[in-house]
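> coords below, sequence missing:
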């Protein structure tokens, strides 16, 4: 889990940050405004200005290498609120961005929130001191709570001591070894991208060139073939900088490659170290890790610090206690199977729907046993990845279906609302049940009060009158007093059953007539035909999971309907839909008996 934040100054106004989060549609495949509007940011700026505060909002960024649901993003925001002491009403804007990551593995979605930093009433400022340590603490707690892979940050020791005792043993491994480094800081990355550089794209291409080069000369030639060039640093002449085809400085060559300066110098002078050779041969990948004040575990995409996850030499889930076990895991980590990229959006029914377990190495294990544990954990991690992909894609499929129905409804907002849209609201049986639920309790209370007063010869007029008025008030609300049935003695069970049945039939006929009048309008008939087509399309997509047709339906619904009509297997589906519709016939006209005398009404139960 990656949590970062930075303050937005009061003097900067709301335009720049709002455009960055909501208006940059070209940089994101999809922007979902979860909460808030620009006026809310303006309110925060006005409050900060009134109290003379430098900063108006705190900009938090949430992202993860592993796929997160919207509910998990919400839970993380709640945990941030508990840590920093803000409320839900203090969140001025919450936005979820969707864009493809450069490594193709990290979650395509990340979340931005803007939090008010000045209390509108007291002027008190939100305490964000030591925010880097506190953000890492929240991130580690979130990973532990949701079973995510733990990320090694820059403040592991501080986080370790701030954690409850029951979590410290699991976090101890993060406090060991070297701290992670980044290719560029956040500020350097943003400045580089404003100048037109592409640090993410260049980094991955550069590492491929490095892996395919046998010596320094070959590596230089490969760089030149891309139109790039090298130069010495201005402040430190021993640092080699890379410039892209436009002459924009991308960054330090050794940092972009993810190797130490000494190892890079040895390679440049023809003295390649064994560790660097192992890196270029694929046995040790992704050397660079999250940068200063960053808990990132993988590249977070354009606009954020380009970093890679740092993988310890031993297996992630095993805390080996012997040097032999660590060296064994390091020697085979490059041979571990990587997660296969599914060829379609759906992985099939054989994906396990429970979280897999992990094995651990133990002291005294043989070399073969350690290899077996590592291989087993790799397979289990692959299953977990498939499960996460499956659940994520299912949710995304459902969201796109919802977009289709929402887009269809938005084109017919000019129509008058459908009266009594629920068929049950036009059914006499359901109407009668509703009346009886409200009337029966008041009727029984009135009857019991009257009988009790008569039995004990104690005429409590006030209590009986209140019970009678409560019952009659409900009758007036339903309109019983406007019909002859309201004049019957409704304390009698027979009269009460007859009256409720009669009124239910009367209500049903009136509602059905209103619905039929609405339905006979020409524009409504066109809407109903289009809705039936859309419902048939959505039903087909839900059953077949046809991704190509789904994408077409989102962009061009009419063309999708034409393709649906031409499909050979649509006829059985249409028959099933008709059979399902025939199980719920519309309510027809019913004759209303005259309420002058008791009649045998049809049994509605």
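Ah, there it is. Because the structure is a prediction, the values reported are computed rather than measured.
> rest of the way, CA atoms for contacts and neighbours
Fine.
> give me the number of residues near residue 436?
17 (other C-alpha atoms under 10 Å).
> that one against residue 500, yeah?
Yes - using C-alpha atoms under 8 Å, residue 436 makes contact with residue 500 at a distance of 7.1 Å.
> so after the lengthiest helix in the chain, what's the next helix or strand?
Ranked by residue count, the top helix of the chain under DSSP state H comes out as helix 367-410. Going down the chain from helix 367-410, the next helix or strand is helix 428-455, by DSSP states H and E.
> need the next SSE after that following helix, C-terminal direction.
In N-to-C order, the element after helix 428-455 by DSSP H and E is helix 461-478.
> show me what whatever helix or strand comes next after that next one is packed against.
Later in the chain than helix 461-478, the nearest helix or strand by DSSP H and E is helix 493-519. Packing partners of helix 493-519 (3 or more C-alpha pairs under 8 Å, 6 or more residues apart in numbering; DSSP states H and E): helix 428-455.
> where's residue 95, which helix or strand?
Going by DSSP H and E, residue 95 is in strand 91-98.
> could you pull up the mean pLDDT of that strand?
Average pLDDT, strand 91-98: 94.
> not counting that strand itself, show me its contacts.
21-22, 28-38, 40-41, 44, 108-116 (C-alpha atoms under 8 Å, 6 or more residues apart in numbering).
> by how many degrees do the helix or strand just after it and strand 91-98 diverge?
Next along the chain after strand 91-98, taking DSSP H and E as the criterion, comes strand 109-116. Using axes from the mean of the first three to the mean of the last three C-alpha atoms, to 10 degrees, the direction of strand 109-116 lies 170 degrees away from that of strand 91-98.
> what packs against the helix or strand following strand 109-116?
Elements were assigned by DSSP H and E; along the chain past strand 109-116, the next helix or strand is helix 131-146. For helix 131-146, the elements it packs on are strand 2-9, helix 70-84, helix 156-162, judged by 3+ C-alpha pairs under 8 Å, 6+ apart.
> so how far is stretch 522-535 from its chain's centroid?
In terms of C-alpha atoms, centre = their mean, to the nearest Å, the centre of stretch 522-535 is set 32 Å apart from its chain centre.
> meant to ask about stretch 110-124, not that
23 Å.
> got it, and stretch 513-533?
36 Å.
> which residues touch that stretch?
412, 415, 418-421, 561.
> average pLDDT across that stretch?
On average, stretch 513-533 scores 90.
> flag every buried residue along it.
Residues of stretch 513-533 classed as buried: 513, 515, 518-519, 524, 527, 533 (neighbour count, 16 or more other C-alpha atoms under 10 Å).
> quick check, nearest of those to residue 494?
The closest of the buried residues of stretch 513-533 to residue 494 turns out to be residue 513 (C-alpha to C-alpha; 29.0 Å).
> the closest one and residue 482, how far apart?
Residue 513 sits 20 Å away from residue 482, going by C-alpha to C-alpha, to the nearest Å.
> what do you get for residue 45?
Distance from residue 45 to residue 482, by C-alpha to C-alpha: 59 Å.
> for residue 368, same thing?
90 Å.
> cool, and residue 133?
72 Å.
> tell me what angle the helix or strand harbouring residue 60 forms with helix 70-84.
Taking DSSP H and E as the criterion, residue 60 maps to strand 55-63. Relative orientation of strand 55-63 versus helix 70-84 (the same axes, to 10 degrees): 140 degrees.
> what sits against residue 239?
So residue 239 contacts 232-233, 252-253 (C-alpha under 8 Å, 6+ apart).
> could these go into a markdown table alongside pLDDT?
Shown next, in a markdown table, are these (pLDDT from 0 to 100):
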| residue | pLDDT |
| --- | --- |
| 232 | 79 |
| 233 | 76 |
| 252 | 82 |
| 253 | 81 |
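> contacting residues around stretch 122-142?
1-5, 47-48, 51, 76, 79-80, 83-86, 116-119, 150-151, 153, 155-156, 158-159, 162-163, 293-295.
> which parts of that stretch are buried?
125-126, 128, 131-142.
> how far away is the residue nearest the centre of the chain from residue 109?
A centroid search over the chain (C-alpha atoms, centre = their mean) returns residue 70, at 2.2 Å, as the residue closest to the centre. Plainly put, residue 70 is 9 Å away from residue 109 if you go by C-alpha to C-alpha.
> can you find the helix or strand of this protein with the lowest average pLDDT?
helix 323-332 (a mean of 37; mean pLDDT, DSSP states H and E).
> next, count neighbours for residue 145.
With other C-alpha under 10 Å as criterion, residue 145 counts 9.
> cool, and residue 1?
Residues near residue 1, counting by other C-alpha under 10 Å: 25.
> would you agree it is in contact with residue 144?
No - Residue 1 lies out of contact with residue 144 (C-alpha under 8 Å); the separation is 10.2 Å.
> which neighbours do these two share?
Common neighbours of residue 1 and residue 144 (C-alpha under 8 Å, 6+ apart) are residue 150.
> report the buried residues of stretch 430-441.
430-433, 435-436, 439.
> tell me the mean pLDDT over stretch 452-469?
73.
> and stretch 157-172, what's buried?
Neighbour-count burial for stretch 157-172 [16+ other C-alpha under 10 Å]: 159-160, 171.
> before we move on, what about stretch 230-248?
230, 239-244, 248.
> circling back to that earlier point, return the member of the buried residues of stretch 157-172 nearest to residue 215.
residue 171 (40.2 Å).
> if I look at that closest one, how far off is residue 165?
10 Å.
> check residue 133 too.
18 Å.
> can you give me the mean pLDDT across stretch 487-504?
pLDDT averaged over stretch 487-504 gives 90.
> brain fart, stretch 377-388
The model assigns stretch 377-388 a mean pLDDT of 68.
> which residues touch residue 559?
By C-alpha under 8 Å, 6+ apart, the neighbours of residue 559 are 552-553.
> you'd agree it is in a strand?
No - according to DSSP: H, G, I helix; E, B strand; the rest coil, residue 559 belongs to no strand; its state is helix.
> tilt between the strand holding residue 60 and helix 131-146?
Using the same axes, to 10 degrees: strand 55-63 against helix 131-146 is 40 degrees.
> sheet-wise, list the partners of strand 55-63 with their directions.
Strand 55-63 sits in its sheet next to strand 2-9 (antiparallel), strand 109-116 (antiparallel), going by DSSP bridges.
> need the winner for burial among those strands.
strand 109-116 (a mean of 25; mean count of other C-alpha atoms under 10 Å).
> ok, residues contacting that strand?
21, 44, 56-64, 67-68, 73, 86, 90-99, 126.
> ok, now stretch 21-34?
Contacts for stretch 21-34 (C-alpha under 8 Å, 6+ apart): 93-100, 112.
> list the buried residues for stretch 69-86?
Buried, per 16+ other C-alpha under 10 Å, within stretch 69-86: 73, 76-77, 79-81, 83, 86.
> distance check, the residue nearest to residue 38 when sequence neighbours are not counted against residue 254.
Ranked by C-alpha to C-alpha, 6 or more residues apart in numbering and with sequence neighbours excluded, the top spatial neighbour of residue 38 is residue 18, at 6.6 Å. The gap separating residue 18 from residue 254 is 36 Å, by C-alpha to C-alpha.
> neighbour count for these two, which is higher?
Per other C-alpha under 10 Å, whichever of residue 18 and residue 254 has more neighbours is residue 254, with 19 against 16.
> what about the stretch 51-200 of the chain, any weak spots by pLDDT?
102-104, 177-200 (pLDDT under 70).
> break the chain down into its domains, please.
2-175, 183-287, 318-389, 522-567 (automatic domain parsing).
> dump those to CSV, plus distance to residue 504.
What follows is the domains of the chain, written out as CSV (distance: least, C-alpha to C-alpha, whole Å):
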stretch, distance to residue 504
domain 2-175, 43
domain 183-287, 68
domain 318-389, 48
domain 522-567, 27
